[in-house]
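K.L.:
structure here, sequence nowhere to be found:
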């Protein structure tokens, strides 16, 4: 049994594309949206600036201030996903488990901004974990591997005709040169 590289590459390319169409579309669209996260406040709130790069708030004070934002639903440390301290900007971002973000001035304790943060949800859609933990491993990872195979077969399918045309041009020139030599008298 022989392997027909061009024919089989086309089949792999075609069926691979059909197989991953939906997961790959999800990755592409969410990836495009994530590219804009620093430019569109709806996706990720813009970082505000505090008055001083010298932080002076204690963790207990940060928790107290965070509790005053009802939308964030923070009642204890267990309601906070993470703190993102930005000394250069003089503020700390408090990310609640419900994706609400509170930006607090690290000097005065003033709330600089309190908004919903969508980038984390979009990232989890992008990597497949939003659907289910198993979807990340059993759908999105294989889709990524198939995209790699599609890239390889696509490159192959692109360059085979280019190389064939180049070889044919060289062959034609050699045949023309031979016919000119055979016609010329010695």
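P.N.:
Now that the structure is in, tell me what you want to look at. Just so you know, these numbers come straight off a predicted model, no measurement behind them.
K.L.:
can you tell me the closest non-neighbouring residue to residue 98?
P.N.:
Nearest residue to residue 98, sequence neighbours excluded (CB to CB, 6 or more residues apart in numbering): residue 73, at 5.4 Å. In this view, the C-beta of every residue, glycine as well, is placed from N, C-alpha and C.
K.L.:
I'd say that neighbour and residue 79 touch.
P.N.:
Yes: Residue 73 lies in contact with residue 79 (CB atoms under 8 Å); the separation is 6.2 Å.
K.L.:
what residues do those two have in common as contacts?
P.N.:
Shared contacts of residue 73 and residue 79 (CB atoms under 8 Å, 6 or more residues apart in numbering): 96-97.
K.L.:
looking at the two, which is more packed in?
P.N.:
A direct count of neighbours by other CB atoms under 10 Å for residue 73 and residue 79 places residue 79 higher, at 17 against 12.
K.L.:
skipping its backbone neighbours, what lies nearest the more buried one in space?
P.N.:
residue 97 (5.6 Å).
K.L.:
tell me how the protein divides into domains.
P.N.:
1-38+126-176, 45-117 (automatic domain parsing).
K.L.:
burial-wise, tell me which of those comes out on top.
P.N.:
Across these, averaging neighbours per residue (mean count of other CB atoms under 10 Å) puts domain 45-117 on top, at a mean of 16.
K.L.:
quick one: end-to-end distance for that one.
P.N.:
One end of domain 45-117 sits 6 Å from the other (CA to CA, to the nearest Å).
K.L.:
which residues of this structure fall in helices?
P.N.:
For the chain, the helices defined by DSSP state H cover 5-19, 21-35, 59-67, 119-127, 133-135, 141-183.
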